[in-house]
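[1] Okay, structure incoming, though there's no sequence with it:
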Ligand code: DGL
């Protein structure tokens with residue numbers, strides 16, 4: 001089983017991307033809805049939550065972990081890799097690699113939660129690979145609550161997205177990394193507001209492609225993963241809004257199970 005976790009609904013965009021890229025692989029999802037959002041919390045707290053989430057997924061039989069949360073990926077990757085020996089994927093490196101493949105002018109925009117943007121991890125990783133790249137970042141703390149609330153098409157959401165993207169548009173970026181797994185749910189609005197000339201990169205699809213490449217190159221890891229086309233969904237708090245948005249992201253019936261960590 002592939003174990004996937006996020007602070008809430010955003011990681012489901014990663015589950016969907018894995019379902020599309022690796023059809024049939026069994027998955028287990030944990031959305032930490034009782035403690036969302038992670039993006040405004042301290043690194044220490046996010047690390048603690050990420051360790052607990054991973055332990056839960058491993059107990060349920062996960063043989064690989066995907067941190068489907070940029071906030072957790074930016075602050076907790078090292079701690080997880082130190083504590084656990086199974087393959088652990090974060091969502092930042094794949095998005096960086098993909099953006100560098102796509103950008104023509106090397107002027108890249110990054111949007112994410114406060115914690116992700118404050119960590120400076122995207123800029124650091126992009127500059128490690130391409131020192132002359134220009135990176136412009138913007139924290140968009142209002143977007144996660146809007147997505148969790150299911151406000152995916154509201155005029156208020158359009159207005160807020162426009163305001164957040166304006167400074168990046170002024171810098172004439174040609175590539176925009178969605179550095180938060182909640183944001184792919186706002187792709188139509190984001191693409192509209194940032195303009196046609198900007199290529200929008202989702203960390204969700206980028207990580208699914210990276211896992212696919214890893215499994216193709218590592219048959220022994222691939223053999224450990226069961227493939228019955230089954231996915232279990234766990235959350236730390238069940239709300240009707242989560243259920244509704246989750247079904248529209250996954251595009252199939254899902255049974256949410258509650259768990260206290
Ligand atoms: N979806 C998460 C991310 O990718 C974070 C949302 C949050 O809990 O703030 O950063």
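    In hand now; what should we look at? Keep in mind that this is a model prediction, so the values were computed, not measured.
[2] which secondary structure element contains the closest residue to residue 222 other than its chain neighbours?
    The shortest distance from residue 222 to any non-neighbouring residue, by Cβ to Cβ, 6 or more residues apart in numbering, is to residue 215 (4.3 Å). From N, CA and C alone the C-beta is placed, and that goes for glycine too. According to DSSP states H and E, residue 215 maps onto helix 203-217.
[3] For that helix, which helices and strands make contact with it?
    Contacts defined by 3 or more Cβ pairs under 8 Å, 6 or more residues apart in numbering; DSSP states H and E place helix 203-217 against helix 12-21, strand 64-67, strand 88-90, helix 92-102, strand 175-179, helix 219-224.
[4] go again using 10 Å as the cut-off
    Contacts defined by 3 or more Cβ pairs under 10 Å, 6 or more residues apart in numbering; DSSP states H and E place helix 203-217 against strand 2-6, helix 12-21, strand 64-67, helix 70-83, strand 88-90, helix 92-102, strand 175-179, helix 219-224.
[5] what's the angle from it to helix 70-83?
    For helix 203-217 against helix 70-83, the angle by axes from the mean of the first three to the mean of the last three Cα atoms, to 10 degrees is 30 degrees.
[6] Counting neighbours, which bits of helix 203-217 end up buried?
    Within helix 203-217, the residues that qualify as buried by neighbour count (16 or more other Cβ atoms under 10 Å) are 203-211, 215.
[7] So which elements touch the lowest-mean-pLDDT helix or strand in the chain?
    In the chain, the helix or strand scored least confidently by mean pLDDT, DSSP states H and E is helix 240-250, which has a mean of 87. Applying 3+ Cβ pairs under 10 Å, 6+ apart, we find helix 240-250 packed against helix 12-21, strand 27-31, helix 143-148, strand 231-235, strand 256-258.
[8] Most tightly packed of these?
    The highest mean neighbour count among these, using mean count of other Cβ atoms under 10 Å, belongs to strand 27-31: a mean of 25.
[9] quick check: angle from that one to strand 2-6?
    Using the same axes, to 10 degrees: strand 27-31 against strand 2-6 is 10 degrees.
[10] Strand 27-31 near the ligand at all?
    No. Using Cβ under 6 Å from any ligand atom, strand 27-31 stays clear of the ligand, with a minimum separation of 9.6 Å.
[11] which helices and strands does the helix or strand that that strand is followed by pack with?
    Counting by DSSP H and E, the element after strand 27-31 in chain order, helix or strand, is helix 43-59. Judged by 3+ Cβ pairs under 10 Å, 6+ apart, the packing partners of helix 43-59 are strand 2-6, strand 27-31, strand 64-67, helix 70-83, helix 114-119, strand 231-235.
[12] Just give me the lowest mean pLDDT stretch among these.
    Mean pLDDT values for these show the minimum at helix 114-119, a mean of 91.
[13] Run through who's touching the helix or strand just after that helix.
    Moving toward the C-terminus from helix 114-119, the next helix or strand (DSSP H and E) is helix 121-129. Contacts to helix 121-129, defined as Cβ atoms under 10 Å, 6 or more residues apart in numbering, come from residues 70, 73-75, 77, 90, 92-93, 95-97, 99-100, 103, 106, 108-112, 115-117, 120, 133-137, 175, 177, 179, 203.
[14] Show me how to select, in PyMOL, the buried members of those.
    Per 16+ other Cβ under 10 Å, the buried members of these correspond to this PyMOL selection:
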select buried, resi 70+73+74+75+77+90+92+93+95+96+97+99+100+103+106+108+109+110+111+112+115+116+117+133+134+135+136+137+175+177+179+203
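[15] if we can go back for a sec, mind putting the helices and strands packed on helix 43-59 in TSV, distance to residue 51 included?
    Listed next are the helices and strands packed on helix 43-59 as TSV, based on distance: least, Cβ to Cβ, whole Å:
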stretch	distance to residue 51
strand 2-6	11
strand 27-31	13
strand 64-67	11
helix 70-83	6
helix 114-119	16
strand 231-235	16
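[16] Show me the shaky parts of this structure.
    For the chain, no stretch is flagged by pLDDT under 70.
[17] So which bits of it are right by the ligand?
    Close to the ligand, as judged by Cβ under 6 Å from any ligand atom, the chain has residues 6-8, 10, 36-39, 69-71, 113, 116, 144, 180-182.
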